[in-house]
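Colleague: Generate a structure from the sequence data that follows.
(chains A and B)
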Number of protein chains: 2
Amino acid sequence: MTTPLRLGIAGLGTVGVGVVKILRQKANLLADRAGRPIVITAVSARSRDKDRGVVLSDYAWEDDPVALAKRDDIDVFVELMGGSEGAAKDAMEAALAAGKDVVTANKALLAIHGHALALAAEKADCVIRFEAAVAGGIPVVKALTEGLAGNEISRVMGVMNGSCNYILTRMQSAGLTYDQVFEEASQLGYLEADPNLDVGGVDAGHKLAILSSIAFGTKIDFAGVELEGIQRITIEDIHHAADMGYRIKLLGVAQRTGRGLEQRMSPCLVPADSPLGQLEGGTNMVVLEGDDVGQIVLRGAGAGEGPTASAVLSDIMDIARGTRLATFGKPAEALETARSAVSGTSAPYYLRLELLDKPGALAKIASALGEAGVSINRMRQYEHKAQTAPVLIVTHKTTPDALENAFVGFQNSSVLASAPVAIRIETV
Amino acid sequence: MTTPLRLGIAGLGTVGVGVVKILRQKANLLADRAGRPIVITAVSARSRDKDRGVVLSDYAWEDDPVALAKRDDIDVFVELMGGSEGAAKDAMEAALAAGKDVVTANKALLAIHGHALALAAEKADCVIRFEAAVAGGIPVVKALTEGLAGNEISRVMGVMNGSCNYILTRMQSAGLTYDQVFEEASQLGYLEADPNLDVGGVDAGHKLAILSSIAFGTKIDFAGVELEGIQRITIEDIHHAADMGYRIKLLGVAQRTGRGLEQRMSPCLVPADSPLGQLEGGTNMVVLEGDDVGQIVLRGAGAGEGPTASAVLSDIMDIARGTRLATFGKPAEALETARSAVSGTSAPYYLRLELLDKPGALAKIASALGEAGVSINRMRQYEHKAQTAPVLIVTHKTTPDALENAFVGFQNSSVLASAPVAIRIETV
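Modeller: Numbers count the residues shown, from 1 in each chain, chains lettered A, B, ... in the order given. So this is what the prediction gives:
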């Protein structure tokens, strides 16, 4: 098999340029490992004239990615444009219709249209590969789809948005507020053009939905992901959580429950001394749990030119070596429709309450919790200088419903100066 | 592709039985994911009559694994017997000669005869897969061969023998001596029949040699692994290392140096707060470093029925799905002969010296170090009750040669009550 594998690359931003560089600089190494040369035939991007620091004149140029996708002289369409609609989607559909394999880093597109694309790929006897869509350089799609292929997966968990983890760890280490660090991260270029994709948890939610589909054999269901961003996390909560032995992370959790498939991407407390708790800065970590393998933890850079390009290359190399896998690990027709579990598995919670300085206030809080069936594991009241006293509570395992009832009790007792803060504690 | 994939399984110990159980219990899940049924045709083991807790009467029985390997009605020979010579080798060679793909967990066989077997496999257009040979359930062979296929690998590191890590962490947590914990581990069945395979570092060295071949594209060279076991590690060193912020691990390191391929499996100090330093008990961890991906850390169970069987299943599933890879990531003919670097990259060292209680003793030690060009980063002298005073030194980076010279100086100065202890400190 010495026929070259011919690529058409659409999108020459950071990742696209990274991929071109690797293919140019390591052509011999890649050919040795793949058993055949891998060549770029044509590229496409918005602006032809921009200097990208890499020679592109060896390749045909297409202004239109759809035209690129259909070219007779490419075998694989490498989609690195991004966006769940428009050009990326049109071009990927065109590529599959023309019988081309696809490699993409586009989590949004897969999260929204992944099932339809998987059906189209199978109809055309093509593959869609997307290692770069989840957790950057960490080969987690491969680990889950192939490495753990003999396992019933019980849970997938992870910190999969480096920008959010950067913000949360930076708030803690520098003692800065959310707004201050958000501003800093913007300046450093760490955030997407629409920062809600990062801090709102959307980007990480897309990634979780992809892993969830592979793990549980269900049609990808991003709409079923319960999403909450990190915007409400205060420096106070970060400090209090640390005092009690926890870190706050934007954590994704997907698991089967008695009530259906639970998919959550939300701020959670995790033990400070756990692998997830120790994750600093922009690093990603994914935890995979299988019935035979137990717990596998994978850690690495979740973004950036090199790591993301490395993941794209992994897919290209697989295709060059002849590896053909169903998009989400089994034929798309065989994927079940996920029954989405409304939030509700029980967990311990961290509560922060600002008590008005009235006699009996704490007793009223305690009894509201008791009446709702929420029991207290640990409590701390801090010395207060102002009119209100911060009280921190770690509950025993409780349901979100019970907690909701306790909050109604708090409301009725009129002893809180502000809305209570509740953050789930995840057992790692 | 709905033709069943037919397996012949040789070796029905813990792992073999684990594989049979998974294939029986999850037949539908596996068939869904593979796109075809996976069936066991025949099995082989030493004793036919032993009750293994799993039904074997559905399968043909062969007393001789070589006969099993050659059967016309199997596609894949699954070798789970172990041992670098004898039946396992004969059967694997027979399988390849008969055109069968091979899945094995046999690190010893690969470490010693891997190159010849890879050549035989390619000649027969067969594959040899061995995810279970390295780090149990962690899909590290896959991560390295496929997930990081676009990277120049700069270093591979890892704790890959759970029994040694159990002994070292147990010594620390329980304050027991090496001999006490060794005895305990024997009783618990944590050690190989020949315990030197574990505590002598041989087993972990086999694993390192396998990863090294894939990482650097070199013919497997177990003889080139500088091996040292954990037998000389004392509880004193463990405590002293902890005092200075380190943990002692049996650590494998493979890297290219200016002088050739360095492969070491030896006790090292690593920072207590690093991922490797925090690894407790029987868990394994592998660190892969590539030019594009940066550092990837993989962690999971390194042994046991479930995790090892999970890895075997990963290989079986790959073959069922049609994945065909060169044994060590590129054609065997293209692998270079490793030029083995004699030990010698510089590193900081931990030194423990038992000083005789004489005036000027410390000055003599310090000047011996200075004359050898070894500079001191940190030093501690402990209060002493006996005739000797323990002195701990962390050096700056130095070469083993310089250290050797310093030791000659120590010898000449006649101020040490016993031989000096030196343990390399690895930067993680």
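
Colleague: And the pLDDT for the residue of the stretch 301-428 of chain A found nearest chain B?
Modeller: Going by CB to the nearest CB, chain B is nearest to A:Leu313 of the stretch 301-428 of chain A, at 2.6 Å. For glycine as for every other residue, the C-beta is placed from the backbone atoms N, C-alpha and C. pLDDT recorded at A:Leu313 is 98.

Colleague: Tell me where the stretch 301-428 of chain A has helices.
Modeller: Secondary structure of the stretch 301-428 of chain A (DSSP state H, counting those that start in this stretch): helices located at A:305-320, A:361-371, A:400-413.

Colleague: can you list the residues of the stretch 101-250 of chain A near chain B?
Modeller: Contacts of the stretch 101-250 of chain A with chain B, taken as CB under 8 Å from any CB of the partner chain, map to A:131, A:137-139, A:142-143, A:146-152, A:217.

Colleague: again, 6 Å this time
Modeller: For the stretch 101-250 of chain A, the contact set with chain B under CB under 6 Å from any CB of the partner chain comprises A:137, A:139, A:142-143, A:147, A:149-151.

Colleague: looking at the helices of the stretch 301-428 of chain A, which is buried most?
Modeller: Comparing the helices of the stretch 301-428 of chain A by mean neighbour count (mean count of other CB atoms under 10 Å in any protein chain shown), helix A:305-320 ranks first with a mean of 27.

Colleague: What helices and strands are in contact with that helix?
Modeller: Counting contacts by 3 or more CB pairs under 6 Å, 6 or more residues apart in numbering or on different chains; DSSP states H and E, helix A:305-320 packs against helix A:14-25, strand A:101-104.

Colleague: ok, residues contacting it?
Modeller: Contact with helix A:305-320 is made by A:5, A:14-15, A:18-19, A:22, A:34, A:36, A:38, A:76, A:101, A:103, A:129, A:131-132, A:136-137, A:301, B:147, B:149-151, B:292-294, as judged by CB atoms under 6 Å, 6 or more residues apart in numbering or on different chains.

Colleague: will you turn the helices and strands packed on helix A:305-320 into TSV that also has distance to A:Ile393 and mean neighbour count?
Modeller: Listed next are the helices and strands packed on helix A:305-320 as TSV, based on distance: least, CB to CB, whole Å; neighbours: other CB atoms under 10 Å in any protein chain shown:
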stretch	distance to A:Ile393	mean neighbour count
helix A:14-25	44	22
strand A:101-104	45	26
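
Colleague: B:Glu192 versus A:Gly83, what's the distance?
Modeller: For A:Gly83, the distance to B:Glu192 equals 55 Å [CB to CB, to the nearest Å].

Colleague: just A:Glu305 next, same as before
Modeller: 45 Å.

Colleague: Average pLDDT for stretch A:263-281, rounded please.
Modeller: Rounded mean pLDDT across stretch A:263-281 is 94.

Colleague: do stretch A:247-256 as well
Modeller: The average pLDDT within stretch A:247-256 is 97.

Colleague: Likewise for stretch A:392-411?
Modeller: Averaging pLDDT along stretch A:392-411 gives 95.

Colleague: Show me how far that stretch is from its chain's centre.
Modeller: Here stretch A:392-411 shows a centroid-to-chain-centroid distance of 28 Å under the convention CA atoms, centre = their mean, to the nearest Å.

Colleague: Output it as CSV - backbone C-alpha positions only.
Modeller: Extracted C-alpha coordinates of stretch A:392-411, given in CSV (Å, rounded to 0.1, in the frame of the first residue of the first chain):
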residue,chain,number,x,y,z
LEU,A,392,-20.7,26.9,54.9
ILE,A,393,-22.3,23.5,54.9
VAL,A,394,-21.3,20.2,53.3
THR,A,395,-24.3,18.0,53.2
HIS,A,396,-24.5,14.3,53.1
LYS,A,397,-25.8,12.8,49.8
THR,A,398,-29.1,14.4,48.9
THR,A,399,-31.2,14.9,45.8
PRO,A,400,-31.6,18.2,44.0
ASP,A,401,-35.3,18.0,44.8
ALA,A,402,-34.7,17.8,48.5
LEU,A,403,-32.3,20.7,48.3
GLU,A,404,-34.9,22.7,46.4
ASN,A,405,-37.3,22.1,49.3
ALA,A,406,-34.7,23.2,51.8
PHE,A,407,-34.3,26.4,49.8
VAL,A,408,-38.0,27.1,50.0
GLY,A,409,-37.7,26.6,53.8
PHE,A,410,-34.8,29.1,53.9
GLN,A,411,-36.9,31.6,51.9
